[in-house]
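# Kindly generate the corresponding structure for this input.
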Amino acid sequence: MLHVVGTVKGPGETGNEYLFITADNREVKIGEFVSYQAQQSNETLEILGKISDRRLIDHLPDRIFADTGISPEAIAALVGFAYPNPEIYEVTVTVIGYFHPALGFINPRLTPDPGAKVYRVDDETLVKVVNKKQTGEVGGAHVGSLLLRPGETVPVTLDVKELVSTHMAILAGTGSGKSYTAGVLIEELLRPYNRAAVLVFDPHGEYGTLGDMRGHFAFQGDDGYAPTVKVLTPDDIHIRMSSLDYYDILTLLPNMSDRQQAILNKAFAILKRHRQGDYRWDVQDLIRAVNEADTTEDEDGNPKIGSSAPAIEWKLEKLSSSRYFDRMNHLSPKDLFEPGQVTVLQMNEISQEEQQVICAAVLRQSYQARMNTAKELVSEEDETYLPYPVFILLEESHRFAPAHEPARCKQVLRTILSEGRKFGMGVGLITQRPGKLDSDVLSQCMSQFLMRIVNPVDQESLKYGVEAAGRDLLKELPALTKGQVIISGACVNTPVLCQVRKRLTQHGGETMDAPQDWQRYFQKHHKQSRKIERATVARPRPAETVGGISIE
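Numbering: from 1, shown residues only. So this is what the prediction gives:
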């Protein structure tokens, strides 16, 4: 049975809005789904809309509320005002349209007549029309439930195909639960009904707890499937030196003059000329190429090395001491990706410049692997053979694609975000500072997860970088609490307010409890152990001697 919440007053400020009047304050929350009925071609359509604004237009006189010791209802009864709900609200609704199973929401442009009844959309209808996929269905990701419907009666299940092919972004302030939400998404991608190939760039070491998926019953399939979790610490990360390009090396070498940059660029051209087959060079090969590039002949025809080569050589010698760039060892796409596997690259001990180059090299080679495999340019034996779609999650993405600064990863990311869809390569960006994220990169993410953001600069950046979320929901950002998220874009039929579900694995990004650690410092057994450690070791008394001879 349809539940009536109000009566249509008339059109709103825009052609896509209407107003209705109600006395029910509990049912008319911002973001709630309501509907009205309209006739089209002898068919009754249920036109859904979302409440975007609400204001009080009539109530008891203010004087009645002034004395806190007197009940306003009692005074109203004395003067003959006997309405049970004296407050009247004018509610603004933004029309979404009626739902077509194949086409999604269609706005028929049929405005409701004044006096028409407005209904609260029931849970069963919302489950069908909000979600493109249903819970447990292949290609679905159950991330939580509709926030405004208590008791988790309306699950929110995303379309994984759209999520990973059109890219996504999780945008949230510090402590809002962005890493927790990312963990829920990864869990869903590795469930038996998805079995995705996922790579996570983890600058803070927060995703190691995904290892809890090993042996967990919720991730086991009827056919014996169980997800694989590879956590690579900084000691496990190696990038082949010959997979780097000129701009990668330039990022790792600080304070290069224009002439030094020119010599280095020429040296790379020499390396390419010398390369035959799968030639793998290292720092020493590059140093020899630099010396060759900076060598000229003097008046007598003798070779003369310029002043730039020794300076570049000194900088390259420092690079040779890096443990992350090697002549032979390399993390190839075959090592990083496999269906049913999540690989976590922990980079919490690696410098910012090295993180940039590692990320750029992995992204570039993964993209080339997908592209060359799709074009049948590589064989199955090749380390770059990648015959399945992959998904890459980039934590702290504003570091890798900053808005107004040069960064090695930025151009690579732009290329993947604009062209990766046709080759089956998806990217997910996670950041706590959307205002510092490159706008071109952000605008390519067609699914957005927006959590509590208070910073005005970051809020303003979302209005232009995130098109799918209506401005009425963006107003809710400062009021969201931990674990509450606005989901919009290609992965859902319409933007929704969602309460993120509880993780199946432990969350690795919990804030350190400093007061508890300080208290623990003063516990009795800790104090005793420190006292023993600090105690001076008693030295034996020196033997007494007479005339240099011991008398003991």
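
# The closest residue in space to L477 that isn't next to it in sequence and Q261: what is the separation?
Once flanking residues are discounted, L477 sits nearest to I453: 4.8 Å by C-beta to C-beta, 6 or more residues apart in numbering. (Glycine included, C-beta is placed from N, CA and C.) As judged by C-beta to C-beta, to the nearest Å, I453 and Q261 stand 39 Å apart.

# go on, V160?
Separation of V160 from Q261 (C-beta to C-beta): 44 Å.

# So for the two, which residue has more residues nearby?
V160 (25 against 15; other C-beta atoms under 10 Å).

# The more buried one contacts E137, doesn't it?
No - between V160 and E137 there is no contact under C-beta atoms under 8 Å: 9.8 Å.

# Could you pick out the longest strand of this protein?
Looking across the chain with DSSP state E, the single longest strand is strand 43-58.

# Partner strands of that strand, with direction?
Looking at strand 43-58 with DSSP bridges, its partner strands are strand 33-40 (antiparallel), strand 88-100 (antiparallel).

# moving C-terminal of the longest one, what's the next helix or strand?
In this case it means strand 88-100. Once strand 88-100 ends, the next helix or strand along the chain (criterion: DSSP states H and E) is strand 104-106.

# name the helices or strands packed onto that following strand?
On a contact count with 3 or more C-beta pairs under 8 Å, 6 or more residues apart in numbering; DSSP states H and E, strand 104-106 meets strand 88-100.

# centroid residue for the protein?
The residue lying closest to the centre of the chain (C-alpha atoms, centre = their mean) is I430, at 2.6 Å.

# buried set for the strand or helix carrying it?
Per DSSP H and E: I430 is located in strand 425-431. Buried positions in strand 425-431, judged by neighbour count with 16 or more other C-beta atoms under 10 Å: 425-431.

# Over to stretch 314-328?
315-316, 319, 322, 324-325.

# Would you mind putting the residues you listed into a markdown table with secondary structure alongside?
Output for those, formatted as a markdown table (DSSP: H, G, I helix; E, B strand; the rest coil):
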| residue | secondary structure |
| --- | --- |
| K315 | helix |
| L316 | helix |
| L319 | helix |
| S322 | coil |
| Y324 | coil |
| F325 | strand |
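
# Dump those into CSV; add pLDDT as well.
Output for the buried residues of stretch 314-328, formatted as CSV (pLDDT from 0 to 100):
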residue, pLDDT
K315, 89
L316, 89
L319, 84
S322, 85
Y324, 91
F325, 89
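
# Taking these, tell me the two that lie furthest apart.
Spanning the widest gap among those are K315 and Y324, at 16.5 Å by C-beta to C-beta.

# which stretches of the stretch 151-300 of the chain have low pLDDT?
For the stretch 151-300 of the chain, the stretches with pLDDT under 70 are 275-278.

# now this protein, which segments are flagged as low pLDDT?
The model of the chain has pLDDT under 70 over residues 1, 63-64, 72-73, 75-85, 275-278, 463-472, 508-513, 524-527, 530, 534-552.

# In the longest helix along it, which residues are buried?
If you go by DSSP state H, the chain has its longest helix at helix 352-374. Buried residues in helix 352-374, counted by 16+ other C-beta under 10 Å: 354-373.

# again with stretch 55-63
For stretch 55-63, burial by neighbour count (16+ other C-beta under 10 Å) applies to L60.

# Dump that stretch to PDB, restricted to CA.
Taking C-alpha atoms only, stretch 55-63 is exported to PDB below (Å, rounded to 0.1, in the frame of the first residue of the first chain):
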ATOM      1  CA  ARG A  55      11.400  24.900   4.900                       C
ATOM      2  CA  LEU A  56       8.900  25.700   7.600                       C
ATOM      3  CA  ILE A  57       6.100  27.900   6.300                       C
ATOM      4  CA  ASP A  58       3.500  27.900   9.100                       C
ATOM      5  CA  HIS A  59       3.700  27.200  12.900                       C
ATOM      6  CA  LEU A  60       2.400  28.400  16.300                       C
ATOM      7  CA  PRO A  61       3.200  32.000  17.100                       C
ATOM      8  CA  ASP A  62       6.800  32.600  18.300                       C
ATOM      9  CA  ARG A  63       5.500  34.000  21.600                       C
END
